[in-house]
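this is a predicted model, with the sequence first.
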Amino acid sequence: MHANPGRDEIAHLLRSVQTVAIVGLSNNQRRPSFGVARELRGFGLNIIPVNPNLSSPVLSEEPYASLRDVPEPVDLVDVFRRSEHASEVAREAVEIGARVLWMQLGVVNEEAASYAREHGLTVVMDRCLAVDYRNLCFR
């Protein structure tokens with residue numbers, strides 16, 4: 001059973017992150033993924049939209065169909081997909097050399113967490129990245 005890293009470890013890893021690929025980012029401003037991306041960008045992080053259904057920039061950033069298409073290194077992969085799709089995202093995160101797989105609130109997939117951990121990624125599951133960043137990096 002997956003156990004998230006402790007509060008101090010999460011704070012440390014978040015302070016080391018520069019580039020976040022948001023898988024499932026929506027261009028709909030009412031969607032949680034858009035709000036999280038906007039907030040992370042406001043914190044100074046580089047945001048990369050990953051969604052095959054996007055054809056125009058989101059928050060002024062060009063979208064990519066998959067993590068494999070992203071032309072720059074990614075520190076953290078933030079998953080805004082249904083839980084059953086998280087294993088595929090975990091495999092891509094490993095392929096591109098991401099350091100962290102973060103599954104948003106409500107996204108729970110033990111197989112994805114196990115696969116990512118076995119391949120050296122830090123895994124956080126069922127937590128909001130923006131909330132943790134705000135609460136742990138600005139105290």
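That came through fine.

residues touching the residue nearest to Leu54 when sequence neighbours are not counted, list them.
In this structure, Leu54 finds its nearest non-sequential neighbour in Pro63, 3.7 Å apart by Cβ to Cβ, 6 or more residues apart in numbering. The C-beta positions use only the backbone N, C-alpha and C, and glycine is treated the same way. Going by Cβ atoms under 8 Å, 6 or more residues apart in numbering, Pro63 touches 25, 49-51, 54-57.

low-confidence ranges in this structure?
Within the chain, the set of residues satisfying pLDDT under 70 comprises 139.

how about the strands in it?
Counting by DSSP state E, the segments of the chain that form strands are 19-23, 46-50, 76-79, 100-103, 122-125.

angle of the first one against strand 46-50?
On the basis of axes from the mean of the first three to the mean of the last three Cα atoms, to 10 degrees, strand 19-23 is oriented at 20 degrees to strand 46-50.

paired strands for strand 19-23, with orientation please.
strand 46-50 (parallel), strand 76-79 (parallel) (DSSP bridges).
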